[in-house]
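A.B. asks: Sequence and computational prediction follow.
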Amino acid sequence: MRKLFGTDGIRAVAGEPPLDPTTIFAIGKALAHSLPSNPRVIIGMDTRESSHWIAAVLTAGLRDGCAEVENAGVITTPAIAYLTQRHKFSAGIVLSASHNPWHDNGIKVFGGDGYKLPDVIELAIEDEIFRQQKLVATPDISKLSPPAANVAYFADYIAFLRASVPELSLDGLRIVIDCANGAASSVAPELFSSLGGEIIVHHASPNGRNINDDCGALYAKTVAKEVLDAEADIGITFDGDADRALFADGNGSVVNGDGVMLLAARDLEPQGRLAHNTVVATTMSNMGLEAALKRSGIKMLRAPVGDKYVLEEMRKTGANLGGEQSGHMLFLDRATTGDGLLTALFVLDIVQRSGKNLAELLSDLKVFPQVIVNIKVREKKPLEEIPAIAATIRTAEKELAHTGRVVIRYSGTEPLARVMIEAESEAAMHHHANVIANAIRAELGA
């Protein structure tokens, strides 16, 4: 059982365990020890005010473990995955808490192949971190600094993105871009403005504390409203580290990852480029997506929530397209991890080649009513071991057996239990969601 690593790295309030200076130094040293001899590591970060000092401490720990460290500066998570593989680094590290508030931060690690680390390796690294915690002294932050950022890596990543859709022109389109005041702020304006069209950029002025502040993928309705206000054709919104993207069509309707998976699958399948005619989604993807893919003769598999688990299922089955409803898309023919900017380029390319707008392309996606309730919990005890909670879940599953779905899980990155109910009947959906949520609050509520 991992104690530090969640579904997307180590994440906490910056300055508090396990993101206190002593533990961060131990993490750096432990990571260096887990790599082959004479390791080279590249780091990058999002725009949180804590990222700079965390990078400094982490670098010190890595160097104490005899690793060479290079800094790509403020850049997206998928950029680090790409650069790690492209330049044959032993590992890549991103400092980001993705969609979390500014006071949180995190440490995400990619292996030399550009993929996130398997659970078994993270568990082994945790053991070394705990050992190092007992050995290292608390570092003096005031005396530490990360390496100077090398802007050549930024240019390299931009070139990779442009080469992924070499024929794409955005001429004739008015596009709203929401950068979430995060890592996309350093990349998206330059990337999209180089492709033509009329580009309207919002939330690209990070100050260290405004990342994801009523903007970005967590607040997709913000970009939807901005599309209507600008009378734009399409809107694109990223999360803090830009590994995912959501969209808004010209009518101001939000298009999530389910819509993107349907769009991409239907584009790839006629070209014979959809491996095994299969899409890998998660337990959170809507039943409407499954039905729409089936009508197109495409099979859908479900993996546990978390892009690393989608990736595991894709590699096991040979699928090359998968993703999450949250907008984290995996195009394994092009990248080793989710990339919101790459996803945006692919969607825009499909729109331009089809001659249709986003709403027309997804007009037959009939979404079942779905609600997600998040409950703060004080501990993550197995829900089936708590009779009062288990009984409400069994009742919901029985009553919705043929007309809906029940998915209850803990967040892998936050102290939350998530209750997802999907049903043909909105009344039944809300009833069961509230009953289960109230039971969890009563038994485990923070």
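C.D. replies: Ah, there it is. Fair warning: this is a prediction, and the values are worked out from it, not measured in the lab.

A.B. asks: so where's the longest helix in the chain?
C.D. replies: Secondary structure of the chain per DSSP state H: the longest helix is helix 426-444.

A.B. asks: Tell me where the stretch 301-446 of the chain is predicted with low confidence.
C.D. replies: Scanning the stretch 301-446 of the chain for pLDDT under 70 picks out no residues.

A.B. asks: Identify each of the helices in the chain and give its residue range.
C.D. replies: Ranges of helices in the chain, per DSSP H, are 21-34, 51-64, 77-86, 119-133, 151-164, 188-193, 220-230, 257-268, 287-295, 307-317, 340-354, 358-361, 387-399, 426-444.

A.B. asks: Switch those over to JSON lines; also include distance to residue 328.
C.D. replies: Where C-beta positions appear, they are placed from N, C-alpha and C, glycine not excepted. Output for the helices of the chain, formatted as JSON lines (distance: least, C-beta to C-beta, whole Å):
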{"stretch": "helix 21-34", "distance to residue 328": "24"}
{"stretch": "helix 51-64", "distance to residue 328": "21"}
{"stretch": "helix 77-86", "distance to residue 328": "10"}
{"stretch": "helix 119-133", "distance to residue 328": "18"}
{"stretch": "helix 151-164", "distance to residue 328": "17"}
{"stretch": "helix 188-193", "distance to residue 328": "17"}
{"stretch": "helix 220-230", "distance to residue 328": "14"}
{"stretch": "helix 257-268", "distance to residue 328": "7"}
{"stretch": "helix 287-295", "distance to residue 328": "15"}
{"stretch": "helix 307-317", "distance to residue 328": "5"}
{"stretch": "helix 340-354", "distance to residue 328": "8"}
{"stretch": "helix 358-361", "distance to residue 328": "19"}
{"stretch": "helix 387-399", "distance to residue 328": "26"}
{"stretch": "helix 426-444", "distance to residue 328": "23"}
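
A.B. asks: Out of those, which is closest to residue 279?
C.D. replies: Nearest of those to residue 279, taken as C-beta to C-beta: helix 257-268 at 5.0 Å.

A.B. asks: Just want the angle from that closest one to helix 340-354.
C.D. replies: 50 degrees (axes from the mean of the first three to the mean of the last three C-alpha atoms, to 10 degrees).

A.B. asks: Does anything pack onto helix 257-268? Which helices or strands?
C.D. replies: With contacts defined as 3 or more C-beta pairs under 8 Å, 6 or more residues apart in numbering; DSSP states H and E, helix 257-268 has these neighbours: strand 245-249, strand 278-282, helix 287-295, strand 321-323, strand 329-331, helix 340-354.

A.B. asks: quick one, which of the ones you listed is nearest to residue 94?
C.D. replies: helix 340-354 (13.5 Å).

A.B. asks: in the closest one, what's buried?
C.D. replies: Residues of helix 340-354 classed as buried by neighbour count (16 or more other C-beta atoms under 10 Å): 340-352.

A.B. asks: got it, and stretch 269-278?
C.D. replies: Neighbour counts over stretch 269-278 (16+ other C-beta under 10 Å) mark 269, 274, 275, 278 as buried.

A.B. asks: now that stretch: how far from the chain's centre is it?
C.D. replies: Here the centre of stretch 269-278 is set off from its chain's centre by 24 Å, with C-alpha atoms, centre = their mean, to the nearest Å.

A.B. asks: Now it: average pLDDT?
C.D. replies: Averaged over stretch 269-278, pLDDT sits at 97.

A.B. asks: Give me the contact list for that stretch.
C.D. replies: With contacts defined as C-beta atoms under 8 Å, 6 or more residues apart in numbering, stretch 269-278 is touched by 265, 268, 296-301, 317-321, 333.
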